[in-house]
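1. Please work out how this folds:
(one chain, ligands or ions: 2)
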Amino acid sequence: MTAAVRYELIKTCKQSGARLGKVHTPHGVFETPVFMPVGTLATVKTMSPEELKDLGANIILSNTYHLWLRPGHEIIREAGGLHKFMNWDRSILTDSGGFQVFSLSDLRKITEEGVHFRNHLNGEKLFLSPEGAMEIQNALGSDIMMAFDECPPYPAEYEYMKSSVERTSRWAERCLAAHERPNDQGLFGIVQGGEYEDLRRQSAEDLVSLDFPGYAVGGLSVGEPKDVMNRVLEFTTPYLPDNKPRYLMGVGSPDSLIDGAIRGIDMFDCVLPTRIARNGTLMTSQGRLVVRNAKYARDFRPLDENCDCYTCRNYSRAYIRHLVKSNETFGFRLTSYHNLYFLVNLMEQVKQAIREDRLLDFREEFFEQYGFNKP
Ligand SMILES: CO[C@@H]1O[C@H](CNc2nc3cc4c(=O)[nH]c(N)nc4cc3[nH]2)[C@@H](O)[C@H]1O
Ligand SMILES: [Zn+2]
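-> Ligands and ions are numbered 1, 2, ... in the order given. Alright, predicted model coming up:
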């Protein structure tokens, strides 16, 4: 299939095996490894599209389940699609709703057909199938769509995981069949299998046989320890083709982004930077900083003295602490901008380390400075 979503492998780091690449979509190109800001309800909370471009974002995420519920995908279709609706002319990836159905709503029943569950906003009964998830994503017109999958809870029994993986593979085939414009937008398969190597292999081989333009590693960042995530990546990515992008869903923190890149991951997303920004927690080159802390009341330095973002060039810890404590919206815009810039800029540093074949050295330096090595 000659999908319009195409991956270009530029270089592999000799020291770590991490990859430098480019992904071409109908709305432009983005370099990898990449961190993708999350805009669940058609907005990356508190950020304008201009600010997202300014901080370096070339692709953002949105969500099938949430947009289906609010405002409804038909309204977005009538608006001319999600790009037009939210005034974002670069790439958009939409998650399929698989994870949200399993994480947001209770009273759900999984059948071969799809999932019966309750609307997490008003309790009404809903049903979502692979075909339904594709109809919504086709209406949104995202550049990269995700197959409808089951993200089982962690941990899950082997037998349950095996039957879930086999159903997710059958659902992936149904998503391909329901993809209206395969030569114009890309549909990624999502590898499941929990922490079971044979099931991860089976899931990857099932999906690779369907020749998707890209593959996600799902079922992680669901509460498992970081060493379990790293181990799963180590035995899963080798089953994925080198000439396609690999997307680790729901990750994450600075250490997980670096460790994921080292294990062959190209794309990342997480609500973490914008979520913690809204309670005044900042990612800085010296580690986490909680700006509400009284010790910053008269601290007129920038949040991060090594950061050249708009927030750090123009505002002090004392001012941002005042805004956050006063619950001023501008304060959360400044903290969100900085945290997103921090992760996008971290990926710039990771790419440079890959170019110089020294990503493991960079990992040591960054972990030391950020304080990840502290017991
Ligand atoms: C660490 O942050 C918390 O955890 C979530 C991120 N973790 C995560 N794991 C995911 C797995 C999947 C998957 O297997 N399939 C599909 N379709 N989408 C997924 C989305 C995922 N997001 C945030 O929501 C936050 O609450
Ligand atoms: Zn900054």
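2. what residues does the stretch 201-350 of the chain put near ligand 2?
-> The stretch 201-350 of the chain comes close to ligand 2 at residues 307, 309, 311-312, 338, as judged by Cβ under 5 Å from the ion. From N, CA and C alone the C-beta is placed, and that goes for glycine too.
3. Relative to residue 269, how far out is residue 241?
-> When distances are taken as Cβ to Cβ, to the nearest Å, residue 241 and residue 269 turn out to be 21 Å apart.
4. Hmm, I typed the wrong one, I wanted residue 78.
-> Using Cβ to Cβ, one gets 27 Å for the distance from residue 78 to residue 269.
5. Between these two, point out the one with more neighbours.
-> The residue with more neighbours, out of residue 78 and residue 269, is residue 269; 23 against 11, by other Cβ atoms under 10 Å.
6. Does the more buried one touch residue 250 like I think?
-> Yes. Applying Cβ atoms under 8 Å as the test, residue 269 and residue 250 come out as touching, 6.7 Å apart.
7. buried residues in the longest helix along the chain?
-> What stands out as the longest helix in the chain, according to DSSP state H, is helix 329-355. Across helix 329-355, burial judged by 16 or more other Cβ atoms under 10 Å covers 331-347, 350-351, 353-354.
8. Then stretch 221-228?
-> Of the residues in stretch 221-228, 221-222, 224 count as buried by neighbour count, 16+ other Cβ under 10 Å.
9. Check the residues you listed one by one and keep those near ligand 1.
-> Restricting the buried residues of stretch 221-228 to those within reach of ligand 1 (Cβ under 6 Å from any ligand atom) leaves 221-222.
10. any idea which of the buried residues of stretch 221-228 is closest to ligand 1?
-> residue 221 (3.5 Å; Cβ to the nearest ligand atom).
11. Need the nearest residue in space to the closest one, chain neighbours excluded.
-> Using Cβ to Cβ, 6 or more residues apart in numbering and skipping the chain neighbours, the partner closest in space to residue 221 is residue 250 (3.7 Å).
12. Ok, residue 328 next?
-> residue 322 (7.9 Å).
13. Now the host helix or strand of the one you found: average pLDDT?
-> Taking DSSP states H and E as the definition, one finds residue 322 inside helix 317-325. Rounded to a whole number, the mean pLDDT of helix 317-325 is 98.
14. Where do the helices of the stretch 1-150 of the chain begin and end?
-> Ranges of helices in the stretch 1-150 of the chain, per DSSP state H, counting those that start in this stretch, are 49-54, 64-69, 73-78, 82-86, 98-104, 130-140.
15. so can I have TSV of these showing distance to ligand 2?
-> Rendered in TSV, the data for these read as follows (distance: least, Cβ to the ion, whole Å):
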stretch	distance to ligand 2
helix 49-54	12
helix 64-69	28
helix 73-78	33
helix 82-86	25
helix 98-104	30
helix 130-140	32
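16. returning to what we had before: give me the subset of the residues of the stretch 201-350 of the chain next to ligand 2 that lies in helices.
-> Short answer: these in helices (DSSP H) are 311-312, 338.
17. Is any residue of stretch 342-362 near ligand 1?
-> No. Contact check for stretch 342-362 against ligand 1, using Cβ under 6 Å from any ligand atom: none in range, with a minimum separation of 13.4 Å.
18. Show me how far that stretch is from its chain's centre.
-> When distances are taken as Cα atoms, centre = their mean, to the nearest Å, stretch 342-362 is centred 18 Å away from the chain's centroid.
19. Let me see the residues that make contact with it.
-> Around stretch 342-362, the neighbours that count as contacts under Cβ atoms under 8 Å, 6 or more residues apart in numbering are 11-16, 18-20, 31, 33-35, 37, 55-57, 254, 257-258, 261-262, 273, 282-284, 304, 307, 309, 366.
20. Show me how to select, in PyMOL, the buried members of the residues you listed.
-> Applying 16+ other Cβ under 10 Å to the contacts of stretch 342-362 leaves a buried subset, and the PyMOL line that selects it is:
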select buried, resi 13+15+16+18+19+20+31+33+34+35+37+55+56+57+254+257+258+261+262+273+282+283+284+304+307+309+366
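21. Quick check: phi and psi at residue 15.
-> Torsion angles at residue 15 (phi, psi; degrees, to the nearest 10) stand at phi -80, psi -30.
22. Put the alpha carbons of stretch 346-360 into CSV.
-> The C-alpha atoms that make up stretch 346-360 are tabulated as CSV, following Å, rounded to 0.1, in the frame of the first residue of the first chain:
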residue,chain,number,x,y,z
LEU,A,346,14.7,17.6,24.8
MET,A,347,13.9,15.7,21.6
GLU,A,348,16.1,18.3,19.7
GLN,A,349,18.9,17.3,22.1
VAL,A,350,18.2,13.6,21.6
LYS,A,351,18.3,14.0,17.8
GLN,A,352,21.6,15.9,18.0
ALA,A,353,23.0,13.1,20.2
ILE,A,354,21.9,10.5,17.6
ARG,A,355,23.7,12.5,14.9
GLU,A,356,26.8,12.4,17.0
ASP,A,357,26.4,8.7,17.9
ARG,A,358,26.4,9.5,21.7
LEU,A,359,22.9,9.1,23.0
LEU,A,360,24.0,6.8,25.9
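23. circling back: same list, the ones in helices among the residues of the stretch 201-350 of the chain next to ligand 2, but as a markdown table with pLDDT and distance to residue 104 please.
-> Shown next, in a markdown table, are those (pLDDT from 0 to 100; distance: Cβ to Cβ, whole Å):
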| residue | pLDDT | distance to residue 104 |
| --- | --- | --- |
| 311 | 98 | 31 |
| 312 | 98 | 35 |
| 338 | 98 | 28 |
